[in-house]
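> Show me the folded form of this:
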Amino acid sequence: SSIAYHLAKAGVTTLLLEKRDIAVAASGASAGGVRQQGRDPRELPFAILACARWATLEEELTADVHYRRKGHLSLIEHEGDRPALIAAIERQRAAGLNIVLVEGDELRALAPAVSPHLLAGSYTPDDGHANPGLTTRAFAAAAARAGAEIRTGVNVRGLAGAGGRVTGVLTDDGPIAADVTILAAG
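A predicted model of the protein is given here:
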């Protein structure tokens with residue numbers, strides 16, 4: 001849905017095919033975390049940019065996606081895990097992430113319900129959470145407003161090709177030709 005939105009917004013003729021309904025599979029069933037912390041180092045620059053964008057995404061999509069920026073906390077319970085936690089914080093901070101070590105009273109103030117046996121954690125205040133189903137449907141609705149065609153209930157069986165290149169998709173209802181095909185089926 002996001003890809004369709006961005007393409008349609010850029011003026012590209014866009015068709016989104018969905019086997020069932022929007023957000024009934026993986027896109028609607030994710031945990032909904034909007035986080036930068038703990039990402040593969042290659043993903044981190046993109047995660048930082050994406051998290052910054054969430055501040056205005058509901059306004060852009062004209063939809064409430066239940067986005068809440070409440071931070072992300074990863075905890076340790078064994079003293080032996082402290083060096084790895086500190087190293088991870090330093091690595092991520094060096095890559096541009098706003099991340100801090102929290103422990104003791106600071107940890108308890110941040111997360112009062114945390115079990116007393118937990119010692120410390122890494123905290124990223126800019127991370128948050130959104131409702132994945134609402135977000136996916138909001139992107140689809142915005143894509144449609146931008147001119148994308150959205151077809152649900154379409155079973156794509158495979159890619160069509162000729163001359164060594166993809167030329168579209170094969171559906172139960174027949175082939176659909178396309179200059180560019182993006183496979184985003186999880």
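> okay, CA-based contacts and neighbour counts for the rest of this
Will do.
> what residue is smack in the middle of the protein?
The centroid of the chain falls nearest to V34 when counting by Cα atoms, centre = their mean (6.3 Å).
> do you know how far it is from A130?
Per Cα to Cα, to the nearest Å, V34 is found 7 Å from A130.
> cool, Q36 as well?
Distance from Q36 to A130, by Cα to Cα: 14 Å.
> so what sits against both of V34 and A130?
By Cα atoms under 8 Å, 6 or more residues apart in numbering, V34 and A130 have no common neighbours.
> and L7, what helix or strand is that in?
According to DSSP states H and E, L7 maps onto helix 2-9.
> Pull the residues that contact that helix.
13-16, 136, 139-140, 142-144, 146-148.
> Equivalent analysis for stretch 88-104, please.
Residues contacting stretch 88-104 (Cα under 8 Å, 6+ apart): 36-37, 41, 44-45, 48, 86, 119-126.
> let's see it at 7 Å
L119, A120, G121, S122, Y123, T124 (Cα atoms under 7 Å, 6 or more residues apart in numbering).
> Now it - C-alpha only, CSV.
Extracted as CSV, the C-alpha positions of stretch 88-104 are listed here (Å, rounded to 0.1, in the frame of the first residue of the first chain):
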residue,chain,number,x,y,z
ALA,A,88,25.2,-2.0,21.3
ILE,A,89,24.3,1.4,22.5
GLU,A,90,27.7,2.9,21.5
ARG,A,91,27.5,1.3,18.0
GLN,A,92,24.0,2.6,17.4
ARG,A,93,24.8,6.0,18.8
ALA,A,94,27.8,6.3,16.5
ALA,A,95,25.4,5.5,13.6
GLY,A,96,23.2,8.5,14.5
LEU,A,97,20.6,6.9,16.8
ASN,A,98,19.3,8.8,19.8
ILE,A,99,19.8,6.0,22.3
VAL,A,100,20.7,6.0,26.0
LEU,A,101,21.5,3.5,28.8
VAL,A,102,18.9,3.5,31.6
GLU,A,103,19.3,1.8,34.9
GLY,A,104,18.3,2.1,38.6
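> helix/strand/coil for E58?
Following DSSP: H, G, I helix; E, B strand; the rest coil, the label given to E58 is helix.
> What sits closest to it if chain neighbours are left out?
D64 (5.7 Å; Cα to Cα, 6 or more residues apart in numbering).
> what residue of the protein is the furthest out?
Here the chain reaches farthest from its C-alpha mean at G163, the gap being 35.0 Å by Cα atoms, centre = their mean.
> okay, that one: pLDDT?
G163 carries a pLDDT value of 96.
> same deal with A160?
As predicted, A160 sits at a pLDDT of 97.
> what comes into contact with whichever strand or helix holds it?
Using DSSP H and E, A160 falls within strand 156-162. Contacts of strand 156-162 with the rest of the structure, by Cα under 7 Å, 6+ apart, involve V166, T167, G168, V169, L170, T171, D172.
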